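Undergrad: Sequence first, then the predicted structure, then my questions.
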Amino acid sequence: MGFRNILISSNTKLSQKNSQIVIEKDGEKFEIPIEDIDTLVIDSQSLLTSNLIVSLTQNKVCAIVCNGKHLPEAIILPYQNHTRQSKRIMEQVSLTQPFKNQLWQQIVSQKIRNQAKVLKLLNFTLESNTLLTLSKQVKSSDKSNIEGRASGIYFTTIFGKNFTRDKDIFINSALNFTYALIRSNLARHCSAYGFIPSIGIKHCNEYNNFNLADDLIEPFRPIADYFLIRTLNLKQEDSNLTPQTKAHLMQIFEIEVIIKNQKTQLMTATEHVVKSLVSCIQNKNSKMLELPSFNRIKRICYE
């Protein structure tokens, strides 16, 4: 896996030569080893050669293409990227509903615990304790929608009573972009480990090609929320994200999270979660799913 995250925010030609990505802009050329790249975000009307696309997929690079609103719209995934993909697919489609319900219970519980941690770090002790109590009440499949109750408390506490996720404001643009980065990386790893990303655990939208990634991202969302709160001025009026802000948001992959009492970067954690799902399925043990938690993030003032 690579270690560099690259944002292309102006019209550029991207090609491949000698295992290097060649970036051509305004008559100048830059070369970067493809094996060094983890995530490539293309937020411009750029030209990509077919040879480069093949090299990106072969090197497991997460290549994200943004739409006209400058939000991630598509990712480039390999058609077949696992030596035993047919076996993995059969395991995935054969999962029983009770097993999937147990997995979803763990995912929701960890998400709420992470939300409670955010509130505690922001000194909302009462609300944090309320969410911790709710996290213990999540049952199989979360039929009582504890997740919805917790999210209602969580978002109104940190962003105000008038906040909704559908408003065209800066904080929602930043949240959407950051969530999409993590979601794309999870989808990349789902594909790399032989899963069909469109077949989810709880999410089952027939028009969604990344239902499984949308399941696994849930415990990561509060981590992204806290990262934004601690590092950005969220009161900006313009809902459009600047290239500088997007480059900053890509640093989300470098923050430290905890999985199974071990510290690791979020970039690595996304793969770890997908890998643990493989172990869950193969051993028929839902408790083997390993999900992220986090510590305090140092404040970096960034406009």
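TA: Received, thanks.

Undergrad: Every contact and neighbour count from this point should use C-alpha atoms.
TA: OK.

Undergrad: how about the strands in the stretch 1-150 of the chain?
TA: Applying DSSP state E, counting those that start in this stretch to the stretch 1-150 of the chain gives strands spanning 4-8, 13-17, 20-25, 28-33, 37-42, 47-48, 62-66, 72-76.

Undergrad: same question, the stretch 201-303 of the chain
TA: Going by DSSP E, counting those that start in this stretch, the stretch 201-303 of the chain shows strands at 256-259, 262-265, 293-294.

Undergrad: Can you lay out those strands as CSV showing distance to residue 159?
TA: Formatted as CSV, those follow (distance: least, CA to CA, whole Å):
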stretch, distance to residue 159
strand 256-259, 23
strand 262-265, 27
strand 293-294, 20
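
Undergrad: Of the strands of the stretch 1-150 of the chain, which shows the lowest average pLDDT?
TA: If these are sorted by mean pLDDT, strand 72-76 sits at the bottom with a mean of 83.

Undergrad: ok, how many other residues are close to residue 236?
TA: Close neighbours of residue 236, defined as other CA atoms under 10 Å, add up to 12.

Undergrad: For stretch 88-104, measure first residue to last.
TA: 20 Å (CA to CA, to the nearest Å).

Undergrad: Check which residues of it are buried.
TA: Buried positions in stretch 88-104, judged by neighbour count with 16 or more other CA atoms under 10 Å: 88, 92, 99-104.

Undergrad: Of these, which is the nearest to residue 210?
TA: residue 92 (14.2 Å; CA to CA).

Undergrad: and the closest one, what is it in contact with?
TA: With contact set as CA atoms under 8 Å, 6 or more residues apart in numbering, residue 92 has these partners: 195-196, 199, 281.

Undergrad: Tell me which entries of the residues you listed lie within helices.
TA: Residues from the contacts of residue 92 lying in helices, with DSSP state H as the criterion: residue 281.

Undergrad: picking up where we left off before, so which of the strands of the stretch 201-303 of the chain is nearest residue 46?
TA: Closest to residue 46 of the strands of the stretch 201-303 of the chain, according to CA to CA: strand 262-265, at 29.9 Å.

Undergrad: residues contacting the most centrally placed residue in the chain?
TA: The residue lying closest to the centre of the chain (CA atoms, centre = their mean) is residue 182, at 1.6 Å. For residue 182, the contacting residues are 217, 220, 253, 270, by CA under 8 Å, 6+ apart.

Undergrad: Now stretch 140-151: buried residues?
TA: Using 16+ other CA under 10 Å as the test for burial, stretch 140-151 gives 140-142, 146-147, 150.

Undergrad: average model confidence for it?
TA: For stretch 140-151, mean pLDDT rounds to 94.

Undergrad: Same check on stretch 206-222?
TA: Per-residue scores along stretch 206-222 average to 93.

Undergrad: ok, now stretch 260-268?
TA: Averaged across stretch 260-268, the pLDDT comes to 92.

Undergrad: Contacts for it, please.
TA: 185, 252-258, 290-292.

Undergrad: can you redo these as TSV with neighbour count and distance to residue 178?
TA: Formatted as TSV, the contacts of stretch 260-268 follow (neighbours: other CA atoms under 10 Å; distance: CA to CA, whole Å):
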residue	neighbour count	distance to residue 178
185	25	11
252	20	7
253	24	10
254	14	13
255	17	13
256	21	16
257	24	16
258	17	19
290	22	22
291	25	18
292	27	16
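
Undergrad: Just the ones of those residues in helices?
TA: residue 185.

Undergrad: what's the closest non-adjacent residue to residue 139?
TA: Spatial nearest neighbour of residue 139, excluding adjacent residues (CA to CA, 6 or more residues apart in numbering): residue 105 at 6.0 Å.

Undergrad: where's the residue nearest to residue 34 when sequence neighbours are not counted relative to residue 93, distance?
TA: Closest residue to residue 34 apart from its sequence neighbours, by CA to CA, 6+ apart: residue 20 at 5.2 Å. As judged by CA to CA, residue 20 and residue 93 stand 38 Å apart.

Undergrad: Could you do residue 49 as well?
TA: On the measure of CA to CA, residue 49 and residue 93 end up 35 Å apart.

Undergrad: same check, this time on residue 74
TA: In terms of CA to CA, residue 74 sits 24 Å off from residue 93.

Undergrad: And for residue 43?
TA: Plainly put, residue 43 is 35 Å away from residue 93 if you go by CA to CA.

Undergrad: cool, residue 106 as well?
TA: Distance, residue 106 to residue 93, using CA to CA: 20 Å.

Undergrad: Got the domain ranges for this structure?
TA: For the chain, the structural domains run 4-76, 85-294, going by automatic domain parsing.

Undergrad: chain center to the longest one, what's the gap?
TA: Put plainly, it is domain 85-294. Relative to the chain's own centre, domain 85-294 is displaced by 7 Å; criterion: CA atoms, centre = their mean, to the nearest Å.
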